[in-house]
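Q: Sequence first, predicted coordinates after that:
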Amino acid sequence: DSGVTQTPKHLITATGQRVTLRCSPRSGDLSVYWYQQSLDQGLQFLIQYYNGEERAKGNILERFSAQQFPDLHSELNLSSLELGDSALYFCASSTTVTDTQYFGPGTRLTVL
Amino acid sequence: AQSVSQHNHHVILSEAASLELGCNYSYGGTVNLFWYVQYPGQHLQLLLKYFSGDPLVKGIKGFEAEFIKSKFSFNLRKPSVQWSDTAEYFCAVRPIGSSNTGKLIFGQGTTLQVKP
């Protein structure tokens, strides 16, 4: 157990819908990261937050957005969902901006 | 573009065989390097990391990796694998540049199957 928690574990929804994935970092970690793992793209970095501020952006679609709240938990919002958005979404956290990242168990999103 | 390449997509070994998984990256500057393992149905776990210093790093469960800067490589090794090492292995690189971020670039992963 890495100490990073993610909810829900599984999510099944339809095309065009909107979902919110939640992540709680390890105690004391200020930085949160989101990654997408799919069969065709592999593990892709989406976005990083540090102490509530966006720190880095990767291949994140405009339909996706994220935020980190004052209690340091983070949410990833996915809207206008498409079949191709079906993937495992991992959250990771680290103490500082560049320290070792510890990963959560992931949320498996299935878009039908 | 920065990228990470893992040479083997699927490796099958018998127990007690030696393991070497290749990882090369494309980035001319300083990097931090990582190997993560994902056991079936579980999350990514850190096996080992290299930030600086001795290029031969030891990790958990008997794994080690060697950073060869001239070859842009960070290969993972284990002298004798066990059935419990069956998992997917990911090499990751964090380029250290002017924008100080934690962004990791992952390889495509190598599935290791160890036969008892």
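A: Sure, I can see it.
Q: Endpoints of stretch A:81-96, how far apart?
A: End-to-end distance for stretch A:81-96: 32 Å, by C-alpha to C-alpha, to the nearest Å.
Q: same deal with stretch A:75-86?
A: In terms of C-alpha to C-alpha, the two terminal residues of stretch A:75-86 are separated by 17 Å.
Q: Surely B:Lys69 and B:Ser52 touch.
A: No: at 11.1 Å, B:Lys69 and B:Ser52 do not qualify as touching, with contact defined as C-beta atoms under 8 Å. Where C-beta positions appear, they are placed from N, C-alpha and C, glycine not excepted.
Q: which SSE is the residue nearest the centre of chain A in?
A: Nearest residue to the geometric centre of chain A (C-alpha atoms, centre = their mean): A:Trp34, 3.4 Å. Per DSSP states H and E: A:Trp34 is located in strand A:31-38.
Q: what does the average pLDDT come to for that strand?
A: Strand A:31-38 comes out with an average pLDDT of 95.
Q: State the distance from the residue nearest to the centre of chain A to A:Gly106.
A: Distance, A:Trp34 to A:Gly106, by C-beta to C-beta, to the nearest Å: 11 Å.
Q: Pull up the overlap in contacts between these two.
A: Common contacts of A:Trp34 and A:Gly106 (C-beta atoms under 8 Å, 6 or more residues apart in numbering or on different chains): A:Tyr89, A:Phe90, A:Cys91.
Q: Regarding the first one, which helix or strand does it belong to?
A: Counting by DSSP H and E, the element that carries A:Tyr89 is strand A:87-94.
Q: now for that strand, which elements pack on it?
A: Contact partners of strand A:87-94 among helices and strands, from 3 or more C-beta pairs under 8 Å, 6 or more residues apart in numbering or on different chains; DSSP states H and E: strand A:5-7, strand A:19-24, strand A:31-38, strand A:74-78, strand A:102-103, strand A:107-111.
Q: Tabulate the CA atom coordinates of the third one in PDB.
A: The C-alpha coordinates for strand A:31-38 follow below in PDB (Å, rounded to 0.1, in the frame of the first residue of the first chain):
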ATOM      1  CA  SER A  31       2.600  17.300  -5.200                       C
ATOM      2  CA  VAL A  32      -0.100  15.300  -7.100                       C
ATOM      3  CA  TYR A  33       0.200  13.900 -10.600                       C
ATOM      4  CA  TRP A  34      -2.300  12.300 -12.900                       C
ATOM      5  CA  TYR A  35      -1.400   9.700 -15.500                       C
ATOM      6  CA  GLN A  36      -3.400   7.800 -18.100                       C
ATOM      7  CA  GLN A  37      -2.600   4.200 -19.000                       C
ATOM      8  CA  SER A  38      -4.100   2.800 -22.100                       C
END
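Q: got the angle for it vs strand A:87-94?
A: 160 degrees (axes from the mean of the first three to the mean of the last three C-alpha atoms, to 10 degrees).
Q: Check whether strand A:31-38 comes close enough to chain B to count as a contact.
A: Yes: counting by C-beta under 8 Å from any C-beta of the partner chain, chain B is contacted by strand A:31-38 at A:Ser31, A:Tyr33, A:Tyr35.
Q: Which one of the shared contacts of A:Trp34 and A:Gly106 is nearest to chain B?
A: Distance to chain B across the shared contacts of A:Trp34 and A:Gly106 (C-beta to the nearest C-beta) is lowest for A:Phe90, with 6.8 Å.
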